[in-house]
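**Q** after the sequence you'll find the predicted model.
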Amino acid sequence: MKSIPLKIRFFALFFVLVFVFLAVFSEISLLHSIVTLVLFGFFLGYGGYLSYLSNKSKARFRIDKDYNPFVSIMIPVHNEEKVIETTIKRAMSIDYSSYDVWVIDDRSTDKTPEILSRLKHQYKRLNVLTRGKESMPGKAAALNECSRMAKGVIHLIFDADAFFKNDVLRKSVIYLKDDNIAGAQVAKLISNPHKNFLTKEQYFEFLIDIAVQRGRDKAGGMVEFKGNGTFVKKDFLEKVGGWNEYSLTEDLDLSMRVYLEKMNIRFIEEVVVSEQAVTTFKDLFRQRFRWMEGSLIRYLSYINEFIKVKMPVSQIVDLFFFTVEFIFPFWFITQILTEVVKLFVVGRIWLGGIAFSFLTMILIVSSKLVQIMLERKMGGFFFIAKRIFSNVIYMSHWIFIDILALLHILFSKTQARWHRSKKETQ
């Protein structure tokens, strides 16, 4: 298991203590209203600004419709017998002349190797890389090994269950010619939203992420790679030493290094890749816990570097907003505990700060959801109101996962484990 460096645990403790202090101060000080209004006013203001910009059509980067680079599609797999054949056949039907496909078999023990062996003889574009037992495990290590062999100047990363249209390359590479662009992320959605309550809520959660990514793109903020439907230039990967093989979230980690190199990531909303959502609470917790811990660690890992690098104001504000966002649950819980103590000590309680904090969370989540549902004409007033209520309840799980992940970073010597999500036959 991968260890958590002492430096990261120290930074995590520092930020938690700072925000706990501010939360307590805002509750016991006469200035509590000012502190709360300033901090959460910033959150609402910047969140609203992203929503406003996401409705603007002005592009920040040029498009070159004549750009036709060779692309290597990479699909890392581990025991994906239920979905990989469908995904490979879909990749072979892509409407683009200059590409090949690499499937990286990371020591599968099911029928995946047999499927790959059969399909390799069927498709000339298909390359199969079988990793040895002595190889470093994990998606990042698999991608690094394949990157050294693939000839594409651009790499496109797909998950084994990815669903995409045959114009995915033709509509995407036109955004990638500029030298200051390290890569791009297409929009992500859920392919099985009607399976149950969890998959439906994850579908709307991914819609919110589309609105956020779009806003960050147009605000000059920090668009992020999301691991599936991710375009990365090979020369950039070589420059920064490849994917981080010790990161829980190698896609988010690489995103940070893009901005440290003063480059950018494009968000391509008109191109969509779908993936299967987890279907059980157990799998949801495991997946989101890994995402959260990995996301926190990548911020804490690069904080020193970002302090030293001269960044555009738009990226500084974006970085502050999305970093502090992860510490916010500690603020909220501390506010509640402080009021409980005050009730027993002084016999009174003030719920204004707690109510304002909770209202801020609801507004940030619901504003993005309403925005994109109206854009896509997904229903009337009562349907949207129902979706807001349901999704706010569902999204509250992030508060508890955030706190648990921070506590795990503080008190555990090793990172969270990776657990494979169950897939259904496509």
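**A** Nice, thanks for sending it over. Numbers count the residues shown, from 1 in each chain.

**Q** buried residues, stretch 105-118. List them.
**A** Across stretch 105-118, burial judged by 16 or more other C-beta atoms under 10 Å covers 105, 106, 108, 112, 113, 115, 116. (Glycine included, C-beta is placed from N, CA and C.)

**Q** so, low pLDDT: which residues of the stretch 201-350 of the chain?
**A** Regions of the stretch 201-350 of the chain meeting the criterion pLDDT under 70 cover residues 348-350.

**Q** switch the cut-off to 80
**A** Residue ranges of the stretch 201-350 of the chain with pLDDT under 80: 323-350.

**Q** all the strands of it, residue numbers only.
**A** Taking DSSP state E, counting those that start in this stretch as the criterion, the stretch 201-350 of the chain contains strands spanning 230-233, 264-275.

**Q** right, and those - which one's nearest residue 139?
**A** strand 230-233 (11.2 Å; C-beta to C-beta).

**Q** which residues sit against that closest one?
**A** Here strand 230-233 makes contact (C-beta atoms under 8 Å, 6 or more residues apart in numbering) with 153-157, 172-173, 176, 181-186, 225, 251, 254.

**Q** and these, which of them are buried?
**A** If you count burial by 16+ other C-beta under 10 Å, the buried members of the contacts of strand 230-233 come out as 154-157, 172-173, 176, 181-186, 225, 251, 254.

**Q** so which of the buried residues of stretch 105-118 sit within helices?
**A** Counted as lying in helices by DSSP state H, out of these, are 112, 113, 115, 116.

**Q** in these, find the pair that's most separated.
**A** Pairwise distances across these peak at 7.3 Å for 113 and 115 (criterion: C-beta to C-beta).

**Q** sorry, back to before: in helices only, show me the contacts of strand 230-233.
**A** Counting by DSSP H, the part of the contacts of strand 230-233 found in helices is 251, 254.

**Q** pretty sure residue 193 is touching residue 277, no?
**A** Yes. The criterion here is C-beta atoms under 8 Å, and residue 193 meets it with residue 277 at 7.2 Å.

**Q** which one of the two is surrounded by more residues?
**A** residue 277 (24 against 17; other C-beta atoms under 10 Å).

**Q** what about the helices in the protein?
**A** Applying DSSP H to the chain gives helices spanning 6-28, 32-54, 84-92, 112-120, 139-147, 197-219, 234-240, 250-260, 281-308, 313-345, 352-375, 381-395, 397-411.

**Q** could I get the ones you listed as JSON lines with distance to residue 132?
**A** Putting these into JSON lines (distance: least, C-beta to C-beta, whole Å) gives the following:
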{"stretch": "helix 6-28", "distance to residue 132": "31"}
{"stretch": "helix 32-54", "distance to residue 132": "45"}
{"stretch": "helix 84-92", "distance to residue 132": "20"}
{"stretch": "helix 112-120", "distance to residue 132": "13"}
{"stretch": "helix 139-147", "distance to residue 132": "10"}
{"stretch": "helix 197-219", "distance to residue 132": "35"}
{"stretch": "helix 234-240", "distance to residue 132": "22"}
{"stretch": "helix 250-260", "distance to residue 132": "20"}
{"stretch": "helix 281-308", "distance to residue 132": "25"}
{"stretch": "helix 313-345", "distance to residue 132": "37"}
{"stretch": "helix 352-375", "distance to residue 132": "45"}
{"stretch": "helix 381-395", "distance to residue 132": "42"}
{"stretch": "helix 397-411", "distance to residue 132": "32"}
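
**Q** and those: which comes nearest residue 68?
**A** Closest among the helices of the chain, using C-beta to C-beta: helix 234-240, at 15.8 Å.

**Q** ok, back up a step: which two among the buried residues of stretch 105-118 are spaced furthest apart?
**A** By the measure C-beta to C-beta, 106 and 115 form the most distant pair in the buried residues of stretch 105-118, at 14.6 Å.

**Q** ok, back up a step: from the buried residues of stretch 105-118, which is closest to residue 325?
**A** Minimum distance to residue 325 across these is 32.5 Å, recorded for residue 106 (C-beta to C-beta).

**Q** residue contacts, the closest one?
**A** Residues near residue 106 by C-beta under 8 Å, 6+ apart: 76, 77, 78, 131, 135, 137, 138, 139, 142.

**Q** give me the number of residues near the fifth one?
**A** Counted with other C-beta under 10 Å, the neighbours of residue 135 add up to 13.

**Q** shared neighbours of residue 193 and residue 277, which are they?
**A** Shared contacts of residue 193 and residue 277 (C-beta under 8 Å, 6+ apart): 199, 202, 203.

**Q** mind putting these in CSV, distance to residue 240 and neighbour count included?
**A** CSV is the format used below for those (distance: C-beta to C-beta, whole Å; neighbours: other C-beta atoms under 10 Å):
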residue, distance to residue 240, neighbour count
199, 35, 18
202, 31, 25
203, 33, 19
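
**Q** mind giving me a markdown table with those and columns for distance to residue 301?
**A** A markdown table is the format used below for those (distance: C-beta to C-beta, whole Å):
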| residue | distance to residue 301 |
| --- | --- |
| 199 | 32 |
| 202 | 27 |
| 203 | 31 |
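
**Q** among the residues you listed, pick out the one closest to residue 14, please.
**A** Looking across those and measuring by C-beta to C-beta, the closest to residue 14 is residue 202, at 32.9 Å.

**Q** for residue 391, see how far away the closest one is.
**A** Going from residue 202 to residue 391 by C-beta to C-beta, to the nearest Å gives 10 Å.

**Q** with residue 254 instead?
**A** Between residue 254 and residue 391 the computed distance is 29 Å (C-beta to C-beta).

**Q** cool, and residue 106?
**A** Using C-beta to C-beta, residue 106 is found at 34 Å from residue 391.

**Q** equivalent analysis for residue 236, please.
**A** Relative to residue 391, residue 236 is positioned 35 Å away (C-beta to C-beta).
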